[in-house]
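Chemist: turn this into a structure:
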Amino acid sequence: MPKYEQILFNNMSKAGYTGSLKEYEAVGGYTAFKKVLKEYSSSDVIDIVKKSGLRGRGGAGFPAGLKWSFIPKDHVGPRYLCCNADESEPGTYKDRQLMEFDPHQMLEGMAICCYAIGAQTAYIYIRGEFDLGAEILENAIQEAYKAKLVGKDLFGSGFNLDIYVHRGAGAYICGEETALLESLEGKRGKPRIKPPFPAINGLYQEPTVINNVETLANVPYIINKGPEWFRTIGTEKSPGTKVFSVSGHVKKPGNYELPLGIPLREIIYDVAGGILGDKQLKAVIPGGASAPMMPPDQLDTPMDFDSVAAVGSMLGSAAITVMDEDTCIVWAAMNLMEFFYHESCGQCTPCREGSGWILQILRRIEGGEGRHSDLDQLLELCTRIGGRTVCAFGDAEIGPILSTIKHFRSEYERHIEEKGCPFHPNATLSMAH
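Modeler: Numbering: from 1, shown residues only. Presented below is the predicted three-dimensional model:
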């Protein structure tokens, strides 16, 4: 595999590195936090992050520094930072590795962010199933308290900071920032109507920044090495590296930290070793389950936020799922819709009911009872869902449907005409319940 510059994986790639505070400090950990407390104003830090071009690594790719700048400077009262560690997107497992193997780089990034926005309290909202990650973070926070890297009057600056771990209950919807806030407040995790946005009315109705684990982990390196250095990696509009979670029919699945803008073909064939059994590629999900599928003729797409959007998909969490020639696309779409139907919070009728209707039709087609009118019905249902829900969940769940019909319509038609799945010949009509 070719060599690529490492930022977030640099420490953990060293033999024997366990992510302890002592080891992290030995490689320069917390020097960035000490630097901002002694040398920079809060607005200086925001400007540095803005200049770096760092974009959110949780899915939307919104500029991090710009998000921080939305916090009202004249606000009287508490402000909060929420680290979104609710990694629930199918195929995504990058944040888990960052938290478990090098937790202090994320904690340092959180501390710098809190100083920049004037927050003295930060929460890590972590997916409930991440038992090990939660335990490691709790231990790392205690290490930081004992070393007076978190707590009262840090380094004599007068700045106070407390960090808490809050474990979710495993709801996919709580990865949406306002549903996360609702859950953190002890309510049912349902997205809020926006505006107002969290920067104005967030946790406990106070100004709040919500950033992803990977986003915050980049911040100490930007402070130490400068925004100009960060911009030398990646592309002009998508600087830096990205951790790509590669899975599916590849020879070497795993997390890979690569420069943004690297071609999809290079990730699959050079980094991940190519397709299992040297089979042909049929489709790729480029950014987690909610990202529209891409066909093989889009393999040379640069993997950055804007380039992937330009071909009709999205980089999202950069979870790349590879499907070979033997994959049934109808089955794959049905499998994804099973997930979305189960995870809908139920607040919006188009999403709650529409996902169930789409799933019924997909089950019918895969089970051999499909009708030619089903395809138009699926497209019609998607128009009734997209743009008609409080959060982006509705748009996310129709992405796989619209893209598979667009690129693989003939495969749907073959299921209907042959009254069954040509890839899963043992599938029965019982699937059409």
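
Chemist: contacts only, for residue 414.
Modeler: residue 422 (C-beta atoms under 8 Å, 6 or more residues apart in numbering). The way it works is simple: take the backbone N, C-alpha and C, and place the C-beta from them, glycine included.

Chemist: and it, that one's in a helix?
Modeler: Yes: counting by DSSP: H, G, I helix; E, B strand; the rest coil, residue 414 falls inside a helix.

Chemist: distance check, it against residue 293.
Modeler: From residue 414 over to residue 293 the distance is 17 Å, taken as C-beta to C-beta, to the nearest Å.

Chemist: what's the answer for residue 64, then?
Modeler: 28 Å.

Chemist: now do the strands in the protein.
Modeler: 80-85, 121-126, 162-167, 208-212, 241-248, 254-259, 281-285, 319-324 (DSSP state E).

Chemist: now the ones you listed in JSON lines, with mean pLDDT and mean neighbour count?
Modeler: Output for the strands of the chain, formatted as JSON lines (pLDDT from 0 to 100; neighbours: other C-beta atoms under 10 Å):
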{"stretch": "strand 80-85", "mean pLDDT": "98", "mean neighbour count": "27"}
{"stretch": "strand 121-126", "mean pLDDT": "98", "mean neighbour count": "23"}
{"stretch": "strand 162-167", "mean pLDDT": "97", "mean neighbour count": "17"}
{"stretch": "strand 208-212", "mean pLDDT": "97", "mean neighbour count": "26"}
{"stretch": "strand 241-248", "mean pLDDT": "97", "mean neighbour count": "23"}
{"stretch": "strand 254-259", "mean pLDDT": "97", "mean neighbour count": "20"}
{"stretch": "strand 281-285", "mean pLDDT": "97", "mean neighbour count": "23"}
{"stretch": "strand 319-324", "mean pLDDT": "97", "mean neighbour count": "24"}
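
Chemist: how much space between residue 112 and residue 33?
Modeler: 6 Å.

Chemist: give me the common contacts of these two.
Modeler: In contact with both residue 112 and residue 33: residue 220, using C-beta under 8 Å, 6+ apart.

Chemist: any idea what sits nearest residue 348, other than its immediate chain neighbours?
Modeler: residue 389 (4.2 Å; C-beta to C-beta, 6 or more residues apart in numbering).

Chemist: how about that neighbour, what does it touch?
Modeler: Contacts of residue 389 by C-beta under 8 Å, 6+ apart are 348, 350, 351, 395.

Chemist: considering these, which possesses the most neighbours?
Modeler: Greatest neighbour count in the contacts of residue 389, by other C-beta atoms under 10 Å, goes to residue 351: 26 neighbours.

Chemist: so that residue makes contact with residue 337?
Modeler: No: using C-beta atoms under 8 Å, residue 351 makes no contact with residue 337, being 11.8 Å away.

Chemist: spit out the residues that contact those two alike.
Modeler: residue 397.

Chemist: contact partners for residue 252?
Modeler: 1, 246, 271, 272, 273.

Chemist: could you flag which of these are buried?
Modeler: Neighbour-count burial (16 or more other C-beta atoms under 10 Å) applied to those gives 246, 271, 272.

Chemist: who's the first one bridged to?
Modeler: To tie it back to what came earlier, the one meant is residue 246. With DSSP bridges as the criterion, residue 246 is bridged to residue 254, residue 320.

Chemist: residues contacting it?
Modeler: Contacts of residue 246 by C-beta under 8 Å, 6+ apart are 252, 253, 254, 255, 256, 267, 268, 271, 272, 320, 322.

Chemist: where exactly do the helices run in the stretch 251-400 of the chain?
Modeler: With helices called from DSSP state H, counting those that start in this stretch, the stretch 251-400 of the chain shows them at 264-266, 305-310, 329-343, 349-366, 373-385, 393-418.

Chemist: dump those to a markdown table, plus distance to residue 76 and mean pLDDT.
Modeler: Shown next, in a markdown table, are the helices of the stretch 251-400 of the chain (distance: least, C-beta to C-beta, whole Å; pLDDT from 0 to 100):
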| stretch | distance to residue 76 | mean pLDDT |
| --- | --- | --- |
| helix 264-266 | 49 | 98 |
| helix 305-310 | 36 | 96 |
| helix 329-343 | 39 | 95 |
| helix 349-366 | 38 | 96 |
| helix 373-385 | 42 | 96 |
| helix 393-418 | 35 | 95 |
